[in-house]
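> Dropping the sequence and predicted coords here.
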Amino acid sequence: MDDRVSYAYAVLRTDGVPDGTLGALTGVARAPVRLVTSGPLAAAVSPVPAADFDEDALRRHLEDLDWLEAVARAHHTVIEALSAHTTVLPLRLATVYLDDERVRQVLRDDGAAFTEVLERLTGHLEWGVKIYVDAPAAAAEPPVPAEGLSPGRAYLRARSAQRHTRDEAYRAAEEAAVRVDTIGRELAAAHARHRAQQGRLAAGAGENVLNDAFLVAHGQAEAFRSRALAAGEGLPGVRVDVTGPWAPYSFAALPGATRSGADAADPADAADAAP
Amino acid sequence: MTAADRAPEPLAERQVALVDLLDRLLSGGVVLTGDVVLSIADIDLVRISLRALIVSVSERNPAPWGPEPGP
């Protein structure tokens, strides 16, 4: 089929997904997902319309949030389904090859690196920890009229009090970050930092000031989760949000992989593994 | 407040937040050189196109106490 190319989701061990496990799993464009194998390694792929994934089309599509969301959720659905069975090495969104034979070739060429990372990730999953500052919005409250103060001075005093509350909330968030860092050092195998979330998609109360990911062994997961959730206790104006478990998206860099620019990808410190 | 408190979830299985997913799918995952010339990892495209939506992907945006303290 010339008008189809192969969208690759993840690399995994061939013996990690027993025959028939994929069942009716569908991926991007609702196409059935299949495994392309090369010896001990396999890649989960599905056919996608070539016209949607050539350079121009991709460029256009990536500006279309609905399209991006559909592809991202489909990608994630496949990763999650595979994760239920085995350790998966998720690939970057929209990794597309001309055909399955090309995917097989990549499995062969990079086999040693895939195997090394799969071994490192085995028995681990990723957890996200986000810290929010729920500081009062500027000018949320009318300046408190104070006796003997001109309106200008009253305003400044109110702003000053507001700033004080904000500063305290940021200091409290910093304390929460220290706690999260400690929990990570004690319980996680690796740590990666994502950029703080901003923009329309970052819905929710408060300002996100920390957006980290931790690679945690199964046996430590419950302790990690409960301690991370408690990291904001006693800290007014601070909220801690824990997400996961995720497939190890933020820890899937191949050894020796070069980053395409200093700020191209944030889990640059994925290699910042805790001892 | 957790995501679950904000609104009743339409699906039995709670969807992950898109923003959390995009953090992982646009900056995580193994970066391979695909056959499509345009690789999300290689280009500024996403960072430019989605600037308004996901500033976190588009700009240097360290936490206030980021690992590299300013001078």
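Done, it's in.

> buried ones in the helix or strand bottoming out on mean pLDDT in chain A?
Scoring the helices and strands of chain A by mean pLDDT, DSSP states H and E places helix A:55-61 at the bottom, with a mean of 80. By 16 or more other C-beta atoms under 10 Å in any protein chain shown, the buried positions in helix A:55-61 come out as A:57-58, A:61. C-beta: built from backbone N, CA, C; applies to glycine.

> Show me which residues of stretch A:122-132 are buried.
In stretch A:122-132, residues buried by neighbour count (16+ other C-beta under 10 Å) are A:124-132.

> how distant is the least confident helix or strand of chain A from the center of its chain?
Distance of helix A:55-61 from its chain centroid, counting by C-alpha atoms, centre = their mean, to the nearest Å, is 23 Å.

> Report all helices and strands that that helix contacts.
If you count contacts as 3 or more C-beta pairs under 8 Å, 6 or more residues apart in numbering or on different chains; DSSP states H and E, helix A:55-61 packs onto helix A:50-53, helix A:65-83.

> Just the CA coordinates for the shortest one, please, in PDB.
Spelled out, it's helix A:50-53. Provided in PDB are the C-alpha atoms of helix A:50-53 (Å, rounded to 0.1, in the frame of the first residue of the first chain):
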ATOM      1  CA  ALA A  50       1.300   9.000   4.200                       C
ATOM      2  CA  ALA A  51      -0.400  12.200   3.200                       C
ATOM      3  CA  ASP A  52      -1.000  13.100   6.900                       C
ATOM      4  CA  PHE A  53       2.600  12.600   7.900                       C
END
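
> do that helix and chain B meet?
Yes - between helix A:50-53 and chain B, judged by C-beta under 8 Å from any C-beta of the partner chain, the touching residues are residue A:53.

> for that helix, packing partners?
Using 3+ C-beta pairs under 8 Å, 6+ apart: helix A:50-53 touches strand A:4-13, helix A:55-61.

> out of these, nearest to residue B:16?
With C-beta to C-beta, the closest approach to residue B:16 among those belongs to strand A:4-13: 16.0 Å.

> Which neighbouring elements make contact with that closest one?
strand A:41-49, helix A:50-53, helix A:65-83, strand A:88-97, helix A:100-109, helix A:111-121.

> what's the longest helix belonging to chain B packed up against?
Longest helix in chain B by number of residues (criterion: DSSP state H): helix B:18-27. Contact here means 3+ C-beta pairs under 8 Å, 6+ apart; on that basis helix B:18-27 packs against helix A:65-83, strand A:88-97, strand A:124-133, strand A:188-194, helix B:55-58.

> buried stuff in the first one?
Within helix A:65-83, the residues that qualify as buried by neighbour count (16+ other C-beta under 10 Å) are A:65, A:68, A:71-79, A:81-83.
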